[in-house]
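Student: below: sequence and its predicted model.
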Amino acid sequence: MSETITFLAMFEDFEPASLGVEKLHDLGLSDDDMNVISGIPIKGAILGRPSAITYVSRIAMVGALLGMAFGLFLIYGIPYLYPLLVGGQPIFPIPQGIIITFEMTMLGLMGFAFIGMFVDSGFPSYTPKEYTPEISDGKIAILFSCPESDQKKFVDALTKAGAESVVPAEARHL
Amino acid sequence: MTSLAKPLARPHAEEHEDPREHLMHDPLPRGKMNEMVMEAMHETNWKFWVVTGILAVLVATCLGYAWYYLIDKGLGVAGVNMPVFWGIFLVDVVFWIGISHAGTFISAILRVLKVESRRPFTRAAELMTTFGLVQAAISVFMHMGRVWLSYWMAPIPNERMIWPDFHSPLMWDFMAISTYLLCSTMYLFLPLIPDMAMARDRSTGWRKTLYKILGLGFRGTEGEWKNLTTAMNLFAFAIIPVMFSVHTIVSWDFAMASRPGWSSTVFGPYFVIGALHSGMAAVAIVLFLLRSTMKHYKYFIRPEHFDTIGMLMLLVSMAWAYFYFNDYIVPWYGGDVWDKLFQEWAEKGPLWYLWYTMLFCNIVVPWSILWNKKWRRTPWLLASAGILINVGMWLERYIIIPEGLTINRMPFTWRLYIPGVEIALTVGMFALFLLLYMLASRVIPLIPVWEVQEGQEAHLLRKIGKAEIPTLSELE
């Protein structure tokens, strides 16, 4: 099995970048062998790529359930442990229960969405990565790995597709 | 010879408006926009430091020293006393929570509704939410007196077996404000990550270290964007009901008490709309200040943005008037003696001028200025209207809280509220808000550059007949 090499191809706009992705597909690379890095979010379909998978919503739902459980504990668990009669109101009221449960559910939902974004993206991560600051200047980069023996073929194809540069990707401290 | 067609109307200047006057149709290369935002953060002149110095002195004296004085001498040095137990402290709490509603409204509701003109000023508004809530929390802690015992509100076991009563509106308030503060801070941070990464790529020294930490190692891969935008969408939808709940619960602090002027079923939505009234007005002030003082911000913040804010302000002021009238007419018609007394006290009592000033600022000012497109697009005029609206909204809370507490069902306890140290504390809090905002403007990119670029990429001018018509596509 031949060695692989990772390249970073830079594109100015969506059109050449989508053509670049197409060329990589034609050369036999699967979607898993490449990644698009950009300064703005781009719908996968624009570049002919599948939509990325995210678990943030599912993690947030777990958070919402945990938050709801905590809210129920606060409003019903605490008076159960330490009953406090005020103003002739019931110990386990439903209307007040809705308020605290709602707040804690939303806190759980959003707190876990936040944490989920960190976990799913692997943040924070300060290890060296393949990147160039031109990306945050609006360029679109395709990061891909190909067999070392075929590298010329890949570089030529992407250059023809309109890549501004196709260079071996170097991991650097961000 | 007879004319077959005559003009239906005289040509109007607005009909010939060039779409390129809009930020979304006047794109610059992303690199250039990054450079402009970074330059605006880095370049400070002597005027900035003079204002910062004055604000720091005000914070140290009016907030720091006055709070120390309050703690040292006790709540007696404040004007709060029977029957007015909630004075300016609570006026400030409600006012600052109101201001904080602007960020969520602008950022979340306008994001959900896909109002494109929101893009350049969402962060400026979100920052107001976080700093506004900090002020509200400070005000609550000041009013506690023995602030070091504030942990008693937390549900932690202790040897006295004292637990907070979660059936109390004050605990609902604590939970709602805490939730809102945490969630709005997270919501502020999420869209900031790509801009922190952008700043990291263009900084050196301590700034590089700071942005590297806050940038979290963001590069902009498909997965990172997907996770980020999913989280932002979740927040945008979820924080809206939380925003509504916060000010509704704040209103219940009053409405749950069976007092004249307070016990009203319309208080919840009335407070929410009041919060939006002051919040939107505060956004207008902040945008004017940013546009006037920050380099290059005239490119990002344009008359069209003031127009959008102005229209929202007009709409919200009408809604406020509607709710206020609802809250006014029912007790007025009902004829309850105590409600009547409270209304007469506000309108004809020793502080009658506050009531008229409130109505002037909250209704007359916006209705007489904001109907005119040209005036809405004049930044200083909109900011002036914003200042007056905020004066009106602060007075509204003053009328509801200290004046409302003055009139109760035991006339022998009636006493006019004369504020003491809380005046200095209020000045200190305004100074702290401005100081935090000024310092943040030098560290945080206040323009979400990636969102602006995303919008500009999505907007196109399509030629239909003789005209170029703006069209919008979805990139994400």
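Tutor: Structure's in. What do you need? Residues are numbered from 1 along each chain as shown, chains lettered A, B, ... in the order given.
Student: need the longest helix for chain B.
Tutor: helix B:222-255 (DSSP state H).
Student: can you pull the buried residues of stretch B:112-123?
Tutor: By neighbour count on 16 or more other CB atoms under 10 Å in any protein chain shown, the buried set for stretch B:112-123 is B:Glu116, B:Ser117, B:Arg118, B:Arg119, B:Pro120, B:Phe121, B:Thr122, B:Arg123. Just so you know, the C-beta spots here come from the backbone N, C-alpha and C atoms, and that holds for glycine as well.
Student: can you pull out the helices in chain A?
Tutor: A:14-26, A:44-47, A:56-72, A:78-81, A:94-121, A:151-161.
Student: including mean pLDDT, could these go into TSV?
Tutor: Conversion of the helices of chain A to TSV gives the following (pLDDT from 0 to 100):
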stretch	mean pLDDT
helix A:14-26	92
helix A:44-47	88
helix A:56-72	97
helix A:78-81	85
helix A:94-121	95
helix A:151-161	91
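Student: wait, which of those is closest to B:Ile407?
Tutor: Among the helices of chain A, the nearest to B:Ile407 by CB to CB is helix A:94-121 (28.3 Å).
Student: what is the orientation angle of that closest one with helix B:222-255?
Tutor: Relative orientation of helix A:94-121 versus helix B:222-255 (axes from the mean of the first three to the mean of the last three CA atoms, to 10 degrees): 160 degrees.
Student: contacting residues around whichever residue of chain A sits closest to chain B?
Tutor: Chain B sits closest to A:Gly138 of chain A, with a gap of 3.0 Å, by CB to the nearest CB. A:Gly138 makes contacts with A:Gly39, A:Ile40, B:Pro29, B:Arg30, B:Gly31, B:Gln453, as judged by CB atoms under 8 Å, 6 or more residues apart in numbering or on different chains.
Student: any idea of the pLDDT on the first one?
Tutor: According to the model's per-residue confidence, A:Gly39 sits at a pLDDT of 92.
Student: phi, psi for it please.
Tutor: phi -90, psi -10 (degrees, to the nearest 10).
Student: also the second one?
Tutor: Comment: the main-chain dihedrals of A:Ile40 come out as phi -140, psi 160, following degrees, to the nearest 10.
Student: if I look at it, how far off is B:Leu351?
Tutor: 54 Å (CB to CB, to the nearest Å).
Student: again, but for B:Gly79
Tutor: 14 Å.
Student: still on that earlier bit, a markdown table for the helices of chain A, including mean neighbour count and distance to A:Thr132?
Tutor: Putting the helices of chain A into a markdown table (neighbours: other CB atoms under 10 Å in any protein chain shown; distance: least, CB to CB, whole Å) gives the following:
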| stretch | mean neighbour count | distance to A:Thr132 |
| --- | --- | --- |
| helix A:14-26 | 20 | 15 |
| helix A:44-47 | 16 | 18 |
| helix A:56-72 | 19 | 27 |
| helix A:78-81 | 15 | 55 |
| helix A:94-121 | 21 | 19 |
| helix A:151-161 | 17 | 15 |
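Student: who wins for proximity to B:Val93 among those?
Tutor: Nearest to B:Val93, of the helices of chain A and by CB to CB, is helix A:94-121 at 17.4 Å.
Student: would that closest one count as contacting chain B?
Tutor: Yes - under the criterion of CB under 8 Å from any CB of the partner chain, helix A:94-121 makes contact with chain B via A:96, A:99-100, A:102-104, A:106-107, A:109-111, A:113-114, A:116-118, A:120-121.
Student: got the residues of the stretch 201-350 of chain B near chain A?
Tutor: For the stretch 201-350 of chain B, the residues in contact with chain A (CB under 8 Å from any CB) are B:201-202, B:212-213, B:215-231, B:234-235, B:238-239, B:241-242, B:245, B:249.
Student: can you tell me which of these are buried?
Tutor: Buried members of these, counted by 16+ other CB under 10 Å: B:201-202, B:212, B:215-222, B:224-231, B:234-235, B:238-239, B:242, B:245, B:249.
Student: relative to the whole chain's centre, how far out is stretch A:112-128?
Tutor: Relative to the chain's own centre, stretch A:112-128 is displaced by 8 Å; criterion: CA atoms, centre = their mean, to the nearest Å.
Student: please identify the helix or strand for B:Phe468.
Tutor: Heads up, residue B:468 is Glu, not Phe. Element membership of B:Glu468, judged by DSSP states H and E, is strand B:467-472.
Student: now that strand, how far from the centre of its chain.
Tutor: 33 Å.
Student: ok, it: who's next to it in the sheet?
Tutor: Using DSSP bridges, strand B:467-472 pairs in its sheet with strand B:459-464 (antiparallel).
Student: quick one: residues contacting the residue positioned nearest the centre of chain A.
Tutor: Closest to where the C-alpha atoms of chain A average out (CA atoms, centre = their mean) is A:Ser121, at 4.9 Å. Counting by CB under 8 Å, 6+ apart, A:Ser121 makes contact with B:Leu216, B:Phe218, B:Gly223, B:Glu224, B:Asn227, B:Leu228.
Student: mind putting those into CSV with pLDDT?
Tutor: Supplementary listing: the contacts of A:Ser121 in CSV, determined by pLDDT from 0 to 100:
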residue, pLDDT
B:Leu216, 94
B:Phe218, 94
B:Gly223, 94
B:Glu224, 95
B:Asn227, 96
B:Leu228, 96
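Student: just put the residues you listed in TSV and tack on distance to B:Phe433.
Tutor: Shown next, in TSV, are the contacts of A:Ser121 (distance: CB to CB, whole Å):
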residue	distance to B:Phe433
B:Leu216	28
B:Phe218	29
B:Gly223	38
B:Glu224	33
B:Asn227	33
B:Leu228	29
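Student: need the max-distance pair from those.
Tutor: Spatial extent of the contacts of A:Ser121 (CB to CB) is set by the pair B:Leu216 and B:Gly223 at 13.6 Å.
Student: report the separation between B:Leu289 and B:Val283.
Tutor: Separation of B:Leu289 from B:Val283 (CB to CB): 11 Å.
Student: tell me which of those two has more neighbours.
Tutor: Of the pair B:Leu289 and B:Val283, B:Val283 is the one with more neighbours under other CB atoms under 10 Å in any protein chain shown, namely 27 against 18.
Student: any low-confidence regions in the stretch 301-450 of chain B?
Tutor: Counting by pLDDT under 70, the stretch 301-450 of chain B contains no low-confidence range.
Student: in it, what residue is nearest chain A?
Tutor: At 5.3 Å from chain A, B:Trp450 is the closest residue in the stretch 301-450 of chain B, using CB to the nearest CB.
Student: same question for the stretch 1-150 of chain B.
Tutor: Nearest residue of the stretch 1-150 of chain B to chain A: B:Arg30, at 3.0 Å (CB to the nearest CB).
Student: so what's that residue up against?
Tutor: A:Gly39, A:Ser136, A:Asp137, A:Gly138, B:Val449, B:Gln453.
Student: recalculate using a threshold of 7 Å.
Tutor: B:Arg30 sits next to A:Gly39, A:Asp137, A:Gly138, B:Gln453 when contact means CB atoms under 7 Å, 6 or more residues apart in numbering or on different chains.
Student: just send those back as CSV, with distance to A:Cys146 too.
Tutor: Listed next are these as CSV, based on distance: CB to CB, whole Å:
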residue, distance to A:Cys146
A:Gly39, 25
A:Asp137, 26
A:Gly138, 26
B:Gln453, 30
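Student: then stretch B:142-154 to CSV, C-alphas only?
Tutor: Taking C-alpha atoms only, stretch B:142-154 is exported to CSV below (Å, rounded to 0.1, in the frame of the first residue of the first chain):
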residue,chain,number,x,y,z
MET,B,142,-27.0,46.0,46.5
HIS,B,143,-30.6,45.9,47.6
MET,B,144,-29.9,42.8,49.7
GLY,B,145,-27.8,44.9,52.1
ARG,B,146,-25.9,41.9,53.6
VAL,B,147,-24.8,40.8,50.2
TRP,B,148,-22.4,38.2,51.6
LEU,B,149,-25.4,36.1,52.6
SER,B,150,-26.7,35.9,49.1
TYR,B,151,-25.8,32.2,48.9
TRP,B,152,-28.8,31.6,51.2
MET,B,153,-30.9,31.8,48.0
ALA,B,154,-29.1,28.7,46.7
